[in-house]
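> Sequence and predicted structure, then a few things I'm wondering about:
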Amino acid sequence: MRNFFLFCFLISSVSLYSQRALSMGGGGKRESDTTSTFKDDKNFKTSTFDQYRIITLQRDTTYVDTSLTIKKEYEYNYLRKDIFGLLPFSNEGQTYTTLDYGYKKYSSFPEIGFSGKHFNYMQPNDIKYYSVATPITELYFKTTMEQGQSVDALIAVNTSERFNISVAFRGLRSLGKYINQLSSTGNFRFTTSYNTLNKRYYLNFHFTGQDFLNGENGGITTLDQFEIDDPDFENRARLEVYLRDAKSFMKGKRYFFNHNFRINSKEAQNNLYLTHQFNYETKFFEYNQKTLASTIGQTRINRFGDSYIGANINDHTRYNRMYNKLGAIYENKTLGKFQFFVEDFRYNYFYNKVLILDSGTVPSKLSDEINTVGAQYEYRKNKWNGVFAYSNSISNQALSNFDAKLNYKLNEKNEFQFQYQMLNKIPDHVYNLYQSSFVNYNWANDFNNEKINNLQAIAKTQWFTASLKVTSIKDYLYFSNDATDVQQQIISPKQYDKTINYLSVNLSREFKWWKLALDNTILYQEVDQENSVLNVPKITTRNSLYFTDYFFKKALFLQTGFTLNYFTKYYMNDYNPVVTEAFVQTDRKIGDFPMVDFFINARIRQTRIFLKAEHFNTMFSSDRKYYTAPNYPYRDFMIRFGLVWNFFQ
């Protein structure tokens with residue numbers, strides 16, 4: 001990683017020497033204005049903003065945007081996206097507590113599991129492809145909690161109008177404030193996109209290599225030491241933790257391409273295409289713990305129960321998958337696109353041994369091949385945009401997915417979206433099989449598929465943005481704690497055979513007056529269930545009051561203000577580091593504490609500078625009962641800064 005940082009530094013140095021910083025939106029009335037042009041002094045050519053395109057796998061297109069808005073403030077974080085509905089753990093690069101159940105997206109195919117490691121794991125839909133008139137570079141930097149930094153560097157180049165390559169790396173190292181809390185992660189991405197001169201053939205390819213290492217301290221052992229106002233414990237490294245030498249590690253590699261070919265030589269009213277998508281991915285998860293006993297005062301316990309060995313736990317889980325999707329598309333310019341496809345999904349989830357226990361045999365692997373057939377209809381015309389897809393398994397496994405999306409764009413300021421999904425999902429592998437040196441962390445299950453029905457409506461208007469989501473879940477899978485000792489975690493997977501009904505309403509509205517603005521987002525959630533297995537806060541809010549203005553003849557754009565995050569008390573899920581999964585607990589409610597940040601952001605040409613005093617209200621409060629999970633404190637007051645810098649050659 002150190003060599004890569006040196007490489008980024010050299011690249012930026014060359015860019016600073018060879019590229020001219022170009023102004024975008026200067027002199028405009030609104031900071032979000034992106035209609036300016038880029039001028040090349042050498043060739044006297046002009047490039048418009050729409051020649052710097054960012055393209056998703058679904059071919060939705062946005063443009064490189066160097067503006068500074070409140071949305072950019074929300075996205076300036078480790079995940080590089082708005083994390084409303086997620087509560088980060090105290091150190092950067094750790095896992096998150098999910099406050100918004102609707103934040104999670106489901107696939108009918110099984111995944112490996114270990115969801116705590118996947119918040120920053122970039123999936124195929126997260127990878128962006130580029131088409132740029134001239135080479136562009138983006139550099140992201142942010143300070144971390146202790147002894148480290150967070151960076152994200154991207155370079156995208158078109159060698160011709162039809163061929164683009166991009167290379168990007170996101171790296172993080174942060175020691176953290178508590179014992180055994182190190183985060184060290186890396187996300188490498190390489191993409192290329194190509195189309196032929198006659199535009200009959202299109203190809204998108206990417207490779208990712210990702211790794212995530214975390215010290216797992218299991219949380220603090222004595223909550224009173226954290227909650228009382230004692231100067232002896234202001235240094236958080238003095239607080240005793242359950243695990244002083246445990247760590248979890250996951251790495252993954254993916255080779256992915258998506259391409260299509262138009263059979264007729266020229267585009268016409270009626271067109272026929274062949275499509276193919278390929279995804280080969282490998283993952284490896286490891287949990288290490290050298291010392292088994294945890295010390296709590298004068299008492300020593302085994303946090304995760306008995307083990308087969310006395311020290312040096314080293315659990316490995318391996319996984320690979322290969323996915324192929326072959327389809328044919330008939331396109332009529334008036335009627336839309338009709339697609340028929342077949343899918344082949346193969347996976348291996350495995351360990352190096354078979355366990356024969358008193359409770360039964362735990363096999364060494366899960367391995368299967370799933371075949372589906374499906375159809376999709378897509379309509380895009382005038383103000384309407386709709387995609388309707390259905391797939392169903394033709395092999396032995398029961399699997400199906402019906403997904404309907406309809407979008408109506410009344411005008412540039414008002415848009416309405418509707419979506420219905422009916423999903424018959426195969427369980428993630430960690431629920432059905434896990435092996436460990438801990439006695440109680442070995443299981444082999446054959447759970448039923450989860451049945452999920454989800455209805456959602458979204459209104460994006462010139463006055464507000466609102467969404468309504470109604471979800472019905474049958475055979476819900478979750479983890480619970482089976483330990484009788486409150487100091488132990490012995491979790492296992494469970495399946496809830498009753499129906500869970502979930503409702504959420506999300507409303508956002510920004511009020512502007514003079515140079516002041518108040519941006520508000522409120523989420524209301526309600527769960528109807530006989531037993532408390534799906535727990536969420538009823539109210540989650542984010543409110544930002546900020547001031548914006550230009551200075552120095554509009555050379556500097558300033559944004560400064562306060563952001564308040566808050567959620568009501570509820571039975572927040574706890575976190576287990578052995579399988580990096582959240583599990584249900586109903587012993588302690590957490591919430592009802594404000595988290596106030598003060599920020600000063602500035603934009604100079606293509607450079608956006610960010611300065612934030614995080615959770616600064618703790619300086620004026622004696623209440624220390626703020627947590628991201630039981631035994632895991634939320635972040636204390638700290639000042640962090642950084643920047644996002646774009647170059648256009």
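Perfect, I can see it now.
> Which residues are in contact with the residue positioned nearest the centre of the chain?
By CA atoms, centre = their mean, the chain has its centre lying nearest to residue 119, at 4.2 Å. For residue 119, the contacting residues are 79, 86, 95-96, by CB atoms under 8 Å, 6 or more residues apart in numbering. Placement of C-beta: from N, CA and C, glycine included.
> Just give me the longest strand of this structure.
strand 491-513 (DSSP state E).
> What residues of that one count as buried?
491-496, 500, 502, 504, 506, 508 (16 or more other CB atoms under 10 Å).
> Just the C-alpha atoms of it, please, in PDB.
C-alpha atoms of strand 491-513 as PDB (Å, rounded to 0.1, in the frame of the first residue of the first chain):
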ATOM      1  CA  ILE A 491     -24.500 -16.800  18.600                       C
ATOM      2  CA  SER A 492     -26.200 -19.100  16.100                       C
ATOM      3  CA  PRO A 493     -28.500 -18.600  13.100                       C
ATOM      4  CA  LYS A 494     -32.300 -18.800  13.400                       C
ATOM      5  CA  GLN A 495     -35.200 -18.700  11.100                       C
ATOM      6  CA  TYR A 496     -38.400 -16.900  12.000                       C
ATOM      7  CA  ASP A 497     -41.400 -18.800  10.600                       C
ATOM      8  CA  LYS A 498     -43.900 -16.100  11.100                       C
ATOM      9  CA  THR A 499     -44.600 -13.100   8.900                       C
ATOM     10  CA  ILE A 500     -42.900  -9.700   9.600                       C
ATOM     11  CA  ASN A 501     -44.500  -6.600   8.200                       C
ATOM     12  CA  TYR A 502     -42.300  -3.500   7.800                       C
ATOM     13  CA  LEU A 503     -43.300   0.100   7.000                       C
ATOM     14  CA  SER A 504     -41.100   3.100   6.400                       C
ATOM     15  CA  VAL A 505     -41.800   6.700   5.400                       C
ATOM     16  CA  ASN A 506     -38.900   9.000   4.400                       C
ATOM     17  CA  LEU A 507     -39.400  12.800   3.900                       C
ATOM     18  CA  SER A 508     -36.700  15.300   2.800                       C
ATOM     19  CA  ARG A 509     -37.100  19.000   2.400                       C
ATOM     20  CA  GLU A 510     -34.700  21.900   2.200                       C
ATOM     21  CA  PHE A 511     -35.700  25.500   3.100                       C
ATOM     22  CA  LYS A 512     -33.600  28.400   1.800                       C
ATOM     23  CA  TRP A 513     -33.700  32.000   2.800                       C
END
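> That one - contacts with which helices or strands?
helix 429-432, strand 465-481, strand 516-528 (3 or more CB pairs under 8 Å, 6 or more residues apart in numbering; DSSP states H and E).
> Out of the ones you listed, which is closest to residue 192?
helix 429-432 (31.3 Å; CB to CB).
> Quick one: list the elements packing against the closest one.
strand 491-513.
> hang on, isn't residue 270 packed against residue 330?
Yes. With contacts defined as CB atoms under 8 Å, residue 270 counts as touching residue 330 at a distance of 7.4 Å.
> returning to that earlier point: wait, which of the contacts of residue 119 is closest to residue 357?
Nearest member of those to residue 357, counting by CB to CB, is residue 95, at 29.7 Å.
> need the contact list for the closest one.
Residue 95 touches 89, 116-117, 119, 214, 575, 580, counting by CB under 8 Å, 6+ apart.
> what's the answer for residue 329, then?
So residue 329 contacts 260, 271-275, 337-339 (CB under 8 Å, 6+ apart).
> Residue 262 too?
If you count contacts by CB under 8 Å, 6+ apart, residue 262 has them with 199-201, 271-273.
> which ones are touching the nearest residue to it once chain neighbours are set aside?
Spatial nearest neighbour of residue 262, excluding adjacent residues (CB to CB, 6 or more residues apart in numbering): residue 200 at 4.5 Å. Residue 200 makes contact with 261-262, 265, according to CB under 8 Å, 6+ apart.
> does residue 553 count as helix, strand or coil?
Under DSSP: H, G, I helix; E, B strand; the rest coil, residue 553 falls in the coil class.
> What backbone torsions are found at it?
phi 60, psi 40 (degrees, to the nearest 10).
> Give me the pLDDT value at it.
The per-residue pLDDT reported for residue 553 equals 89.
> burial count for it?
Per other CB atoms under 10 Å, the neighbour tally for residue 553 reads 8.
> Next: residue 575.
By the measure other CB under 10 Å, the count of residues near residue 575 is 24.
> element containing it?
Element membership for residue 575, per DSSP states H and E: strand 574-576.
> Please name the strands paired to that strand in the sheet, noting orientation.
Here strand 574-576 is paired, per DSSP bridges, with strand 581-583 (antiparallel).
> Need the contact partners of the partner strand.
97-98, 113-116, 430, 478-481, 489, 491, 573-576, 629.
> which helices and strands does the next helix or strand after it pack with?
Following strand 581-583 in sequence order, the next helix or strand is strand 595-604 (DSSP H and E). The helices and strands touching strand 595-604, judged by 3+ CB pairs under 8 Å, 6+ apart, are helix 70-75, strand 556-567, strand 607-614.
> All the strands of the stretch 351-500 of the chain, residue numbers only.
With strands called from DSSP state E, counting those that start in this stretch, the stretch 351-500 of the chain shows them at 355-357, 360-362, 365-381, 384-393, 400-411, 414-425, 433-434, 443-444, 450-460, 465-481, 491-513.
> returning to that earlier point: pick the one among the contacts of residue 95 closest to residue 295.
residue 575 (20.5 Å).
> Now for that closest one: which residues touch it?
Counting by CB under 8 Å, 6+ apart, residue 575 has contacts 89, 95, 97, 116, 219, 581-583, 629, 632.
> re earlier: for the buried ones among the contacts of residue 119, write the corresponding PyMOL selection.
To isolate the buried members of those in PyMOL, using 16+ other CB under 10 Å:
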select buried, resi 86+95+96
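> Please identify which pair of the contacts of residue 119 lies farthest apart.
79 and 95 (11.6 Å).
> Distance check, residue 118 against residue 72.
25 Å (CB to CB, to the nearest Å).
> can you check residue 487 too?
Taken as CB to CB, the span from residue 487 to residue 72 is 44 Å.
> so where's the protein uncertain?
1-47 (pLDDT under 70).
> ok so, going back, what is the nearest of the contacts of residue 119 to residue 526?
residue 86 (19.9 Å).
> Which strand residues bridge that closest one?
Counting by DSSP bridges, the residues bridging with residue 86 are residue 98.
> was I right about it contacting residue 101?
No. At 11.6 Å, residue 86 does not count as touching residue 101 under the criterion of CB under 8 Å.
> in terms of contact, does residue 108 touch residue 399 like I think?
Yes. At 5.2 Å, residue 108 and residue 399 qualify as touching, with contact defined as CB under 8 Å.
> what touches both of those two?
424-426.
> for those, which one is nearest residue 551?
residue 425 (53.1 Å).
> what's the residue lying closest to that closest one once chain neighbours are set aside in contact with, if anything?
Using CB to CB, 6+ apart and skipping residues adjacent in sequence, the residue nearest residue 425 is residue 450, 4.6 Å away. The contact partners of residue 450, by CB under 8 Å, 6+ apart, come to 423-425, 427, 473-477.
> Reformat these as a markdown table; add distance to residue 182 and neighbour count.
As requested, those are exported to a markdown table (distance: CB to CB, whole Å; neighbours: other CB atoms under 10 Å):
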| residue | distance to residue 182 | neighbour count |
| --- | --- | --- |
| 423 | 37 | 19 |
| 424 | 41 | 20 |
| 425 | 35 | 20 |
| 427 | 32 | 20 |
| 473 | 36 | 23 |
| 474 | 41 | 17 |
| 475 | 38 | 19 |
| 476 | 34 | 18 |
| 477 | 31 | 22 |
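> Please consider this matter closed, and thank you.
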